[in-house]
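Novice: Following is a predicted model, sequence given first.
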Amino acid sequence: MISLEEFFTEHQQAALAFSGGVDSAYLLYAASKYAASVRAYYVKTAFQPYFELDDALRLARELGVSMRVLCLDALGDGNVRSNPENRCYFCKRRIFEAIAERAKSDGFELIVDGTNASDDASDRPGMRALTELNVLSPLRLCGLTKADIRRLSREAGLFTWDKPSYSCLATRIPHGTELTIPLLDRTQRAESFMMRLGFGDFRVRTRGDTALIQVTEAQRAPLYEKLSLIENEFLKYYSEVAVDPEARHEQ
């Protein structure tokens, strides 16, 4: 098993697909230390909440790494918009093709991403797109799990070390339901409201016109304390609010 230092010693120039999350943040930190040249590429779509871009810009600034923001109309692809079970494959293809095109014009041939050793390839259709496009995943190649990355990020002083995992907004909507801006926007509004109330690792999923709230066991008591406040807000854009009886596993 190689180390990240060895990886970037061998691959001195890299374009890094950057989401602002825990994994890609630590990878960017390592690349900024060990690679001769690295540039971060953030692809902005309708699937990310606004705070992800804010976090990405903040970390790139703190690390002194150049970052490009690419805008992509992912919903313009019918294979993405129709939201099949392998939607992530089509979306990842679009995202990494956009990065590859811009990175090549910037002089970068190698693209790396933040997939880690805890990620289950059999459960992630998007990983097939990474393989097809020759994207390397150094964290995975180096055997670094999510727990490793959080620990190393904390030791490195990265503000992202304890940031909850935050998959794209499309994951809140059942497969087969067409993805639209209004559906994604109300999801973002609902989750942003809960964040302002102090909730961290949670989801607000769409079930028809119902908002299904999923929180960790530790957040269940605070949720019920603030539920009437949450319902008053959510009922502006959902017809019903429900709480998942099963606790969400901490990420």
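Specialist: Thanks, I have the structure now.
Novice: May I ask you to confirm that F234 is in contact with E191?
Specialist: No: F234 is not in contact with E191 according to C-beta atoms under 8 Å; the separation is 10.5 Å. C-beta: built from backbone N, CA, C; applies to glycine.
Novice: okay, and the common contacts of those two?
Specialist: Residues touching both F234 and E191 (C-beta atoms under 8 Å, 6 or more residues apart in numbering): V204.
Novice: In a strand, L212, correct?
Specialist: Yes: using DSSP: H, G, I helix; E, B strand; the rest coil, the assignment for L212 is a strand.
Novice: Now do the top helix by length along the chain: which elements does it pack against?
Specialist: Using DSSP state H, we find that the single longest helix of the chain is helix 87-105. In terms of contacts (3 or more C-beta pairs under 8 Å, 6 or more residues apart in numbering; DSSP states H and E), helix 87-105 is packed against strand 13-17, strand 37-44, strand 67-71, helix 78-81, strand 111-112, helix 126-132.
Novice: residues making contact with the third one?
Specialist: When contacts are taken as C-beta under 8 Å, 6+ apart, the neighbours of strand 67-71 outside the stretch itself are 18, 39-45, 53, 56-57, 60, 98-99, 102, 106.
Novice: Also the longest one?
Specialist: By C-beta under 8 Å, 6+ apart, the residues outside strand 37-44 that reach it are 12-20, 28, 31-32, 53, 56-57, 60, 65-72, 95, 98-99, 102-103, 106, 108.
Novice: which of the residues you listed are buried?
Specialist: 13-20, 28, 31-32, 53, 56-57, 60, 65, 67-68, 72, 95, 98-99, 102-103, 108 (16 or more other C-beta atoms under 10 Å).
Novice: can you give me the helices in the stretch 101-250 of the chain?
Specialist: 126-132, 138-141, 146-156, 181-196, 220-225, 227-234 (DSSP state H, counting those that start in this stretch).
Novice: which intervals of the stretch 151-251 of the chain have sub-threshold pLDDT?
Specialist: For the stretch 151-251 of the chain, the stretches with pLDDT under 70 are 250-251.
Novice: before we move on, back to that, quick one: which of the contacts of strand 67-71 is nearest to P164?
Specialist: A56 (15.6 Å; C-beta to C-beta).
Novice: How about the contacts made by that closest one?
Specialist: 18-20, 40, 42, 67.
Novice: so is it in a helix, a strand, or just coil?
Specialist: Following three-state DSSP, A56 is assigned to helix.
Novice: and the end-to-end length of stretch 195-206?
Specialist: 18 Å (C-alpha to C-alpha, to the nearest Å).
Novice: what comes up buried for that stretch?
Specialist: 199-206.
Novice: Select, from those residues, the two members most distant in space.
Specialist: G200 and T206 (20.5 Å).
Novice: And Y224, how far from V215?
Specialist: 10 Å (C-beta to C-beta, to the nearest Å).
Novice: Between these two, which contacts overlap?
Specialist: With C-beta under 8 Å, 6+ apart as the test, Y224 and V215 both reach V243.
Novice: So between these two, which is more surrounded?
Specialist: V215 (22 against 12; other C-beta atoms under 10 Å).
Novice: residues touching the spatially closest residue to the more buried one that is not a sequence neighbour, list them.
Specialist: Nearest-residue entry for V215: F202, 4.5 Å, with adjacent residues in sequence omitted and distances by C-beta to C-beta, 6 or more residues apart in numbering. When contacts are counted by C-beta under 8 Å, 6+ apart, F202 touches 164, 191, 194, 213-216, 219, 248.
Novice: Would you confirm that R94 contacts D77?
Specialist: Yes: if you go by C-beta under 8 Å, R94 and D77 touch, sitting 5.8 Å apart.
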